[in-house]
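Peer 1: Here is a sequence with its predicted model. Questions after.
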Amino acid sequence: MNKLLFCLSFILISTSGWAETLTVTPHSVVRLMVSNREPNVIAVMNDRIVEANSAAGKLADKKATDSGALIFTTEESAPFSLYIETENGFGFTVNAIPAKKYQGINVSVMNADAKAEEVAEDWEKTSDSYSQFITRTFMAAMNNNIPTGFVKNGRVNVNWQDAALNNFRFRDSVSFQGKNIRLLQVNIENRTTQPIQLNERVFWIPQTMAIAFNPTVNTLRPHEQVTLFLLIKEKPQ
């Protein structure tokens, strides 16, 4: 499999109920409104999807077609991330927004950099794929280990969205630095008097690659805490 360069841009694209073609930069984050009552289909032009993983196991079912497209179903009502990798090493993240009112999507993705020369970063050589790198990094941190290729370097200041600051208290932040990528670990607490549904979009900051929670829960009761993990792309040094 071709080696990858994590060159992330963050884009928001919404679609539902009809066939659509999207041009996507490698390692972009694509927002898709998906159905949680009908099958959803994602295909990559001139390529085959070989991996599709949700860190929190949010897919009820998934399978590949003969042409290499992904068919998946979900029963979730809260947004979640889906990491997709193709046979040619093209990886991107889907920020899925599920609802029963949406019809199943049928999306064809075109790799914007399909002809671009790929260059491997040193830290990336330890990972077989985009989705495996994300999963491996999150799992190491959740098990209180420093992920391969990272060093612990203390706290980092984050400009959280107002929606996050108004509803959550952030404590005990820890930062792990890789090559042009940072892993942020922080405890979050529901500071309100009402249960709050955990929504990944509330915690997105510029250059976010992926988000995970530990333990995996959909709702936080008043004063309840979970650990939030963010992978953040940084400018090459």
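Peer 2: Alright, I've got the coordinates.
Peer 1: Report the beta-bridge partners for Ile84.
Peer 2: Beta-bridge partners for Ile84, by DSSP bridges, are Ala52, Phe92.
Peer 1: show me what contacts it?
Peer 2: 42, 44, 49, 51-52, 70, 91-94, 131 (C-beta atoms under 8 Å, 6 or more residues apart in numbering). Using the backbone N, CA and C atoms, a C-beta is placed for each residue, glycine as well.
Peer 1: now with 6 Å?
Peer 2: 49, 52, 92 (C-beta atoms under 6 Å, 6 or more residues apart in numbering).
Peer 1: Same question for Asp172.
Peer 2: By C-beta under 6 Å, 6+ apart, the contact set of Asp172 is Asn187.
Peer 1: Which phi and psi values does it adopt?
Peer 2: Note on Asp172: its backbone torsions stand at phi 50, psi 50 [degrees, to the nearest 10].
Peer 1: returning to what we had before: neighbour-wise, which of the contacts of Ile84 leads?
Peer 2: Phe92 (25 neighbours; other C-beta atoms under 10 Å).
Peer 1: From Leu22, how far off is that residue?
Peer 2: Using C-beta to C-beta, to the nearest Å, one gets 10 Å for the distance from Phe92 to Leu22.
Peer 1: Would you mark the buried spots in the lengthiest helix in the chain?
Peer 2: Using DSSP state H, we find that the single longest helix of the chain is helix 130-142. Using 16 or more other C-beta atoms under 10 Å as the burial criterion, the residues of helix 130-142 that qualify are 130-131, 133-138, 140-142.
Peer 1: what's the offset of that helix from the middle of its chain?
Peer 2: Mean-position distance between helix 130-142 and its chain equals 11 Å (C-alpha atoms, centre = their mean, to the nearest Å).
Peer 1: Summarise which helices and strands that helix is packed against.
Peer 2: strand 80-86, strand 208-214 (3 or more C-beta pairs under 6 Å, 6 or more residues apart in numbering; DSSP states H and E).
Peer 1: Let me know the angle separating the last one from helix 130-142.
Peer 2: Angle, strand 208-214 to helix 130-142, by axes from the mean of the first three to the mean of the last three C-alpha atoms, to 10 degrees: 40 degrees.
Peer 1: Show residues contacting strand 208-214.
Peer 2: Strand 208-214 is touched from outside by 8, 55, 81, 93, 134, 138, 142, 200, 203, 226-227, 229-233, with contacts defined as C-beta under 6 Å, 6+ apart.
Peer 1: Let me see the mean pLDDT of it.
Peer 2: For strand 208-214, mean pLDDT is 92.
Peer 1: Please enumerate the helices of the chain.
Peer 2: 130-142, 162-167, 200-203.
Peer 1: partner residues bridging the residue sitting nearest the centre point of the chain?
Peer 2: Against the mean C-alpha coordinate of the chain, by C-alpha atoms, centre = their mean, the closest residue is Ala210 at 3.4 Å. Beta-bridge partners recorded for Ala210 (DSSP bridges): Leu231.
Peer 1: Domain-wise, how is this protein divided?
Peer 2: Domain segmentation of the chain under automatic domain parsing yields 19-122, 134-233.
Peer 1: If you average pLDDT over each of the ones you listed, which is lowest?
Peer 2: Comparing mean pLDDT across these, the weakest is domain 19-122, with a mean of 85.
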